[in-house]
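S.K.: take a look and give me a structure for this.
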Amino acid sequence: MTTRPGDEVPQLTLELARLGLSAQDLGSAMQPVLDTLVARTAAVGAGYFQWRDHTLTFAARAGSGHMPQGSVMAALLAHGLPSDLPLMAALQNAPGVLFIEDTRQDSATAGFPELGVLALVAAPVRSRGGELVGALLAHAFTPHAWTPDERALISHVTSLLSLLAARLDAEERERAAQEDALRALGVCLEARDAETLGHTDRVTALATSLGKRLGLRGPALRALRWGAYLHDIGKIAVPDAILGHPGPLPGEMWQRMQAHVQDGLHLAQQLPFLPQSALDVIAYHHERWDGAGYPFGRQGEDIPLLARIFAVCDVYDALRHVRPYKPAWSLDDTLAEIREGRGTHFDPQVVDALLDVLDEAGALA
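M.R.: Numbers count the residues shown, from 1 in each chain. Down below sits the predicted model:
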C-alpha cells in the first residue's frame with residue numbers, strides 16, 4: 001500500500017478539484033478521484049453510485065480497480081444497489097464517511113461478505129441542501145483497519161465529491177430537461193403527418209448507435225441526438241399541401257421544401273444552449289458526399305461528421321416507412337439504395353459502419 005503524508009493531502013485534493021471542475025460529466029469527474037483512492041489506500045477497487053429517482057436505486061457511474069466477480073455483482077453494476085440494502089439506510093443517516101474494517105462484523109454491510117468484500121469505505125455524497133445524491137464505495141477483499149492517512153484522504157475527497165456532485169448533478173438534470181424538450185418538439189412536428197409518426201425516435205436511436213460505432217462519446221453523442229430531434233424543425237413553416245403532396249413535388253413546391261433546412265437552422269439558433277455541432281446536423285443533413293445536395297452544396301469531409309452520420313440514418317428510415325409520396329420499401333431495396341449511394345450520396349465509411357450496426361442488430365438476417 002502506498003500513502004502520501006498528511007500534509008500533501010490538500011495539494012492532492014486541489015489537483016483532483018482542478019480535474020473534476022474541468023470534466024464535462026459526472027462520471028468523468030469522478031474517475032480521477034476513484035483512481036487516486038485505489039492508488040493511495042488499501043482499497044483494491046472503488047466506485048461512484050448515483051441516486052436514480054425513478055427506480056430508487058444507486059446506478060453505477062464510474063469505477064476503478066478490481067471489482068468483485070460473479071452474477072450478483074454484475075447485476076449490481078448493471079441495475080444499481082437496491083434501496084432496501086442495509087447500507088442504503090446507513091448512508092441516509094450517516095453524518096460522515098463510514099469506515100468498515102470487517103464487513104462480517106457490521107449489520108450495515110450485510111450482503112457484502114458474500115461478494116468477497118471484507119473491508120469497506122462508504123462515503124455519502126450530498127447536495128447543497130443535504131439530500132443524498134450519491135455514494136462513493138471503496139473496498140478490499142481482506143479485513144483492513146483504515147489508517148489515519150487513509151481516513152484523511154478519503155474525508156478530503158468526499159468533501160470534493162459533494163461539491164462536484166452538486167454542480168454536475170444539477171447540470172445533468174438541466175441537460176435531461178433540455179433533451180426532453182427537444183424530443184417533444186421533434187415529436188410534435190410528426191403530429192402534422194401521421195405517415196411519419198415514430199420517425200424522430202427511430203432515426204435518433206439509429207443515429208446514436210451509428211455514432212457509437214464510429215467512436216462518438218459524451219457531448220458529441222448528445223449533440224447528435226439533439227440535432228436529430230430537431231432536424232426537420234423547419235418544416236413547421238412548410239404548408240400542409242406540400243408536406244402531404246402525393247408524388248414528386250413540382251418546381252416551386254420543391255424549392256419551398258428545400259427552404260425548410262435554413263428555416264430550421266434559424267429557429268434552432270434561437271436556442272442558446274444548442275452546441276454548434278447539433279446545429280450542423282440541422283444545416284447539413286441534406287448535403288451529399290459528391291456535392292450535389294442542398295442547401296449549401298458542401299461535399300466530402302467539408303460536411304460535418306455528425307451531419308454525415310445522420311443523413312444516412314434519415315434516408316434509411318424514410319425509405320423503410322410509408323410517406324405521402326411513396327410506399328414503404330423492402331429491406332433489400334433499401335439496402336441496395338444505401339449501397340448505391342456509397343461514395344456519391346453518403347460518406348463511404350459511414351455507410352460501412354451503418355451496415356455493421358444493422359448486421360449486429362439482426363436487421364440484415
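
S.K.: how about the helices in this protein?
M.R.: Per DSSP state H, the chain carries helices over the ranges 9-21, 26-40, 71-79, 86-93, 148-190, 199-213, 218-230, 240-243, 251-258, 260-268, 276-284, 305-320, 331-340, 348-360.

S.K.: L137: which of the ones you listed is closest?
M.R.: L137 lies closest to helix 86-93 among the helices of the chain, at 8.4 Å (C-beta to C-beta). Backbone N, C-alpha and C define where each C-beta goes, glycine included.

S.K.: helices or strands up against that closest one?
M.R.: For helix 86-93, the packing partners by 3 or more C-beta pairs under 8 Å, 6 or more residues apart in numbering; DSSP states H and E come out as strand 81-82, strand 119-126, strand 132-140.

S.K.: how about those in TSV, adding mean pLDDT?
M.R.: Shown next, in TSV, are the helices and strands packed on helix 86-93 (pLDDT from 0 to 100):
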stretch	mean pLDDT
strand 81-82	74
strand 119-126	89
strand 132-140	86
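
S.K.: at the geometric centre of this structure, which residue do we find?
M.R.: The centre of the chain sits closest to G218, judged by C-alpha atoms, centre = their mean, with a distance of 5.5 Å.

S.K.: which residues does H66 contact?
M.R.: Residues in contact with H66 (C-beta atoms under 8 Å, 6 or more residues apart in numbering) are V44, G45, F141.

S.K.: ok, of the residues you listed, which one's closest to S28?
M.R.: Nearest to S28 among the contacts of H66 is G45, at 18.4 Å by C-beta to C-beta.

S.K.: residues near that closest one, how many?
M.R.: 19 (other C-beta atoms under 10 Å).

S.K.: got a pLDDT number for the closest residue to it other than its chain neighbours?
M.R.: Once flanking residues are discounted, G45 sits nearest to G65: 3.7 Å by C-beta to C-beta, 6 or more residues apart in numbering. pLDDT recorded at G65 is 89.

S.K.: for R342, give its distance to A74.
M.R.: 39 Å (C-beta to C-beta, to the nearest Å).

S.K.: those two: who's more crowded?
M.R.: Taking other C-beta under 10 Å, R342 and A74 do not tie; R342 has more neighbours (18 against 12).

S.K.: tell me the domain boundaries of the chain?
M.R.: 6-170, 191-360 (automatic domain parsing).

S.K.: can you list these in CSV and add distance to D180?
M.R.: Shown next, in CSV, are the domains of the chain (distance: least, C-beta to C-beta, whole Å):
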stretch, distance to D180
domain 6-170, 13
domain 191-360, 10
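
S.K.: quickly, which of the ones you listed bottoms out on average pLDDT?
M.R.: domain 6-170 (a mean of 79).

S.K.: excluding chain neighbours, what is closest to T204?
M.R.: Excluding its sequence neighbours, the residue lying closest to T204 (C-beta to C-beta, 6+ apart) is A228, at 4.1 Å.

S.K.: any idea how far E101 is from that neighbour?
M.R.: With C-beta to C-beta as the criterion, A228 and E101 are 51 Å apart.

S.K.: the two - which one has more neighbours?
M.R.: Taking neighbours as other C-beta under 10 Å, A228 and E101 compare with A228 leading, 31 against 14.

S.K.: list the buried residues of stretch 33-47.
M.R.: By neighbour count on 16 or more other C-beta atoms under 10 Å, the buried set for stretch 33-47 is 33-38, 40-47.

S.K.: start to end distance for that stretch?
M.R.: Counting by C-alpha to C-alpha, to the nearest Å, you get 10 Å between the two ends of stretch 33-47.

S.K.: repeat that for stretch 81-98.
M.R.: End to end - C-alpha to C-alpha - stretch 81-98 spans 17 Å.

S.K.: and the contacts of it?
M.R.: Contacts of stretch 81-98 (C-beta under 8 Å, 6+ apart): 49, 56-58, 107-112, 120-124, 132, 135, 151, 154-155, 158.

S.K.: who touches the residue nearest to P348 when sequence neighbours are not counted in this structure?
M.R.: Nearest non-adjacent residue to P348, counting by C-beta to C-beta, 6+ apart: R342, 5.0 Å away. Contacts here follow C-beta under 8 Å, 6+ apart; on that basis R342 touches P348, V351, D352.

S.K.: could you flag which of those residues are buried?
M.R.: V351.

S.K.: how about CSV for the contacts of R342, with distance to F273 added?
M.R.: Compiled in CSV, the contacts of R342 are given as follows (distance: C-beta to C-beta, whole Å):
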residue, distance to F273
P348, 34
V351, 32
D352, 33
